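Undergrad: pasting a predicted model and its sequence here:
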Amino acid sequence: MEKLSNPKVTIEIIQKYNFAFQKRFGQNFLIDGHVIEKIIRAAEITKDDVVLEIGPGIGTMTQYLAEAAGEVFAVEIDKNLLPILAETLAEYDNVTVVNEDILKVDIAALTGGRPVKVVANLPYYITTPIIMGLFENHIPATSITVMVQKEVAERMQAGPGGKDYGALSLAVQYYAKPQILLNVPASCFMPRPNVDSAVIQLTRYEKPPVEVKDEKLMFDIIRASFNQRRKTLVNGLKNSQEIPFSKEQIEQALGMCGLSLSVRGEALTLAQFAQLANCLLYTSDAADD
Ligand code: SAM
């Protein structure tokens, strides 16, 4: 069968099954073989690899993944796509399609706890929960190579100071090294999304690049400081329910880190947030003594 990346073949199969695109599932299928080839090449997939594909759709990228990888697990929420996938993937015996919600499925159980490469054209409406779920649930994902909304890719890769820098940048960069690989125009999808897209690769660190005694506290500090972006860090933190420290303790911790009392959260690097979390813990230990 000719590949689905040929738009004519995609249209034929969609008509054959009378498939109705579901906006609520973020269904924009790829119809550009060059983009798919670039994604597969960037992910450096070999026959030794187990690949997790999130949302195979009608199987367009899955066909390429099946040819490149040893084994592919494709998790698709929309049961209407199952008969289509049965046909489009019929000639591959190394693909397992699982009709589940990616936010609920036990990935480690599915893949037998083996290291996986995640490759996907993600449903954009749940990009952040999917990525953070992969990191926080400690899925053995060595790399994540995914199509996302361009603006979200830019936020993931942003450094301190700019408008794109925020809680998502820091959360992603705590776990992985991000690299935007290519921008993808709306014309590469059917139907065309009304946002621009980009492929980003997140290469998982074996251990985080900063040492932090209490991860949750660091992320609470990060969230609190970006929730109130225009405020100084001291005011952002002292007004937050999540941060159980007094204004004096916050000021003392900033001093210990060599930071000005008027600094804003958006100026801090990941290393400085980690240091601030460690110093705040120290001020509470010192108060307990
Ligand atoms: N991979 C296909 C392609 O590139 O042509 C389809 C990509 S489309 C942007 C996103 C896919 O994710 C759709 O097939 C959609 O049904 C599926 N999806 C949406 N939400 C999902 C979820 N919670 N769990 C698993 N799949 C989901």
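TA: Right, received. Where do you want to start?
Undergrad: so which residues of the stretch 51-200 of the chain form strands?
TA: All strands of the stretch 51-200 of the chain, identified by DSSP state E, counting those that start in this stretch, fall at 71-75, 95-98, 116-121, 141-149, 176-184, 189-190, 197-204.
Undergrad: looking at the ones you listed, which is buried most?
TA: strand 116-121 (a mean of 26; mean count of other Cβ atoms under 10 Å). Just so you know, the C-beta spots here come from the backbone N, C-alpha and C atoms, and that holds for glycine as well.
Undergrad: which positions in stretch 164-178 come out as buried?
TA: 164-176, 178 (16 or more other Cβ atoms under 10 Å).
Undergrad: which of the residues you listed lies closest to residue 227?
TA: Closest approach between those and residue 227, by Cβ to Cβ: residue 167, at 8.3 Å.
Undergrad: thought the closest one was touching residue 223?
TA: Yes - with contact defined as Cβ atoms under 8 Å, residue 167 counts as touching residue 223 (5.3 Å).
Undergrad: for this structure, which residues are neighbours of the ligand?
TA: 25-30, 54-57, 60-61, 75-78, 101-103, 121, 123, 126 (Cβ under 6 Å from any ligand atom).
Undergrad: where's residue 153 relative to the ligand, distance?
TA: 14 Å (Cβ to the nearest ligand atom, to the nearest Å).
Undergrad: quick one, what contacts that residue?
TA: 180, 198-200 (Cβ atoms under 8 Å, 6 or more residues apart in numbering).
Undergrad: which parts of the stretch 101-250 of the chain are helices?
TA: 107-111, 127-136, 150-157, 167-175, 215-227, 233-238, 247-256 (DSSP state H, counting those that start in this stretch).
Undergrad: which residues touch the first one?
TA: For helix 107-111, the external contacting residues (Cβ under 8 Å, 6+ apart) are 50, 52, 73, 75, 96, 98, 116, 134, 137, 139-140.
Undergrad: which SS class is the closest residue to residue 232 other than its chain neighbours?
TA: Nearest non-adjacent residue to residue 232, counting by Cβ to Cβ, 6 or more residues apart in numbering: residue 262, 5.3 Å away. Following DSSP: H, G, I helix; E, B strand; the rest coil, residue 262 is assigned to coil.
Undergrad: renumber starting at 54 from here on
TA: Got it, the first residue is 54 from now on, which makes the last one we talked about residue 315.
Undergrad: mind checking pLDDT for residue 315?
TA: pLDDT recorded at residue 315 is 94.
Undergrad: just residue 168 next, same as before
TA: At residue 168, pLDDT is 96.
Undergrad: shaky segments in this structure?
TA: 339-342 (pLDDT under 70).
Undergrad: cutoff 50 now
TA: By pLDDT under 50, the chain contains no weakly predicted segment.
Undergrad: in it, what residue comes closest to the ligand?
TA: residue 108 (2.0 Å; Cβ to the nearest ligand atom).
Undergrad: quick one: residues contacting the nearest residue to that residue once chain neighbours are set aside.
TA: Distances taken as Cβ to Cβ, 6+ apart put residue 176 closest to residue 108, at 5.3 Å, once the chain neighbours are dropped. By Cβ under 8 Å, 6+ apart, residue 176 lies in contact with 78-80, 107-108, 183.
Undergrad: now for those, which pair is the farthest apart?
TA: Largest pairwise distance in the contacts of residue 176, by Cβ to Cβ, is 15.4 Å, between 80 and 183.
Undergrad: against residue 325, how distant is the residue nearest to residue 285?
TA: 15 Å (Cβ to Cβ, to the nearest Å).
Undergrad: can you count the residues close to residue 249?
TA: 13 (other Cβ atoms under 10 Å).
Undergrad: quick check: closest non-adjacent residue to it.
TA: Nearest non-adjacent residue to residue 249, counting by Cβ to Cβ, 6+ apart: residue 203, 4.0 Å away.
Undergrad: spit out the contact partners of the one you found.
TA: 236, 248-251.
Undergrad: could you do residue 198 as well?
TA: Residues near residue 198 by Cβ under 8 Å, 6+ apart: 92, 95-96, 170-172, 234, 252-255.
Undergrad: could those go into JSON lines alongside distance to residue 58?
TA: Output for those, formatted as JSON lines (distance: Cβ to Cβ, whole Å):
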{"residue": "92", "distance to residue 58": "11"}
{"residue": "95", "distance to residue 58": "16"}
{"residue": "96", "distance to residue 58": "16"}
{"residue": "170", "distance to residue 58": "20"}
{"residue": "171", "distance to residue 58": "20"}
{"residue": "172", "distance to residue 58": "15"}
{"residue": "234", "distance to residue 58": "18"}
{"residue": "252", "distance to residue 58": "15"}
{"residue": "253", "distance to residue 58": "21"}
{"residue": "254", "distance to residue 58": "20"}
{"residue": "255", "distance to residue 58": "24"}
